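Participant: model the structure of this input:
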Amino acid sequence: HVGTSFEQPLLTWNVTGQGCLNILEVIRQMGNRPRFYQASSSEMFGDQYNLDNNREKYQDERTTFAPQSPYAIAKLAAHSAVALYRRAYGLFACGGILFNHESERRGERFVTRKISRYVADLYWATQTGRSIPKLKLGNLAARRDWGHAEDYVEAMWMMLQQDEPMDFVIATGETYSVEDYLKEAFKCINIIEYMNYAEVDKSLKRPSEVPYLRGIADKAKRRLDWKPKIGFKQLVSKMVQHDLQNKSRHEENNRSS
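Facilitator: Sure thing, here's the model as predicted:
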């Protein structure tokens, strides 16, 4: 988790950076070597990007890395170790540079799930005549390329079926701000004036923020025949509907008890 890495940089390094190196070393010494997939991250790009013919920003496999958090630094170390062990020792080791991928199983510390949970709580509060505190968020302007984990896990599997290992950017090619996600989530319960229920909390802003991510997955489309099936609006709807159903069951259990 990017935010947690600022609070626990050494633990982040030990798990995310050294942990990958430990596994690569074990595989290197094995006779029957398994194939290895490294969960790399778009956070490694930091504030770097390329410009397309329309002067729009994007990142792909050729974009320079400039990590902006202890998490991203550790991820880049692991990604670099994979490239080294692939080249030096002939391991089948590949890195998926995945942009933000969400699902109904997303942890509650991540902003997408934080929003979907709040929207569900707000809906049921209004149904029962209760009020709840405003949703506190950090940087609403940060832009991310959000896809669904279901699509992205398929891409991971595809990478491991190739004749030779290589790294791939996995992304949708579209970027949305945190505020866009917030707006779309509130639409799911027919609320347009979403900022009546949310507020910016400066304490939630990170010491160093990645401002813009939009991945171009042309290499994956060309070599893996992969493309995302679930779009941004469907992703938001899936997450909100999941939390609405969970909250509904919770409310029914409370009434029955």
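Participant: what residue lies at the spatial centre of the protein?
Facilitator: residue 100 (2.5 Å; Cα atoms, centre = their mean).
Participant: how near is it to residue 203?
Facilitator: Using Cβ to Cβ, to the nearest Å, residue 100 is found at 22 Å from residue 203. From N, CA and C alone the C-beta is placed, and that goes for glycine too.
Participant: now residue 216
Facilitator: Going from residue 216 to residue 203 by Cβ to Cβ gives 34 Å.
Participant: what's the answer for residue 15, then?
Facilitator: For residue 15, the distance to residue 203 - Cβ to Cβ - is 25 Å.
Participant: quick one: which of the two has more around it?
Facilitator: Shown here are residue 15 and residue 203; by other Cβ atoms under 10 Å, residue 15 has more neighbours (14 against 6).
Participant: so what pLDDT did the more buried one get?
Facilitator: At residue 15, the model reports a pLDDT of 96.
Participant: just give the nearest non-adjacent residue to it, would you?
Facilitator: Leaving aside its chain neighbours, residue 15 sits nearest to residue 74 (7.8 Å; criterion: Cβ to Cβ, 6 or more residues apart in numbering).
Participant: ok, residue 225 next?
Facilitator: Leaving aside its sequence neighbours, residue 225 sits nearest to residue 158 (Cβ to Cβ, 6+ apart; 7.9 Å).
Participant: and the strand or helix carrying the one you found, how far out from the chain middle?
Facilitator: Take DSSP states H and E as the rule and residue 158 turns out to sit in helix 149-159. Centroid displacement of helix 149-159 relative to its chain, using Cα atoms, centre = their mean, to the nearest Å, is 13 Å.
Participant: do the same with stretch 26-45
Facilitator: Stretch 26-45 has its C-alpha centroid displaced from the chain centroid by 19 Å (Cα atoms, centre = their mean).
Participant: span of that stretch from start to end?
Facilitator: By Cα to Cα, to the nearest Å, the extent of stretch 26-45 from end to end equals 28 Å.
Participant: how close does residue 41 sit to residue 34?
Facilitator: Counting by Cβ to Cβ, the separation of residue 41 from residue 34 is 22 Å.
Participant: between these two, tell me which one has more neighbours.
Facilitator: Between residue 41 and residue 34, residue 41 has the larger neighbour count (other Cβ under 10 Å), namely 25 against 13.
Participant: the more buried one is in contact with residue 73, isn't it?
Facilitator: No: with contact defined as Cβ atoms under 8 Å, residue 41 does not count as touching residue 73 (10.9 Å).
Participant: circling back to that earlier point, got the contact list for the helix holding residue 158?
Facilitator: Contact with helix 149-159 is made by 37, 39, 94, 96, 98, 101-103, 105-106, 165-166, 168, 170, 220, 224-226, 228-230, as judged by Cβ atoms under 8 Å, 6 or more residues apart in numbering.
Participant: rerun that using 7 Å as the cut-off
Facilitator: 37, 94, 96, 98, 101-103, 168, 170, 220, 224, 226, 228-230 (Cβ atoms under 7 Å, 6 or more residues apart in numbering).
Participant: for it, give the mean pLDDT please.
Facilitator: Computed over helix 149-159, the average pLDDT equals 98.
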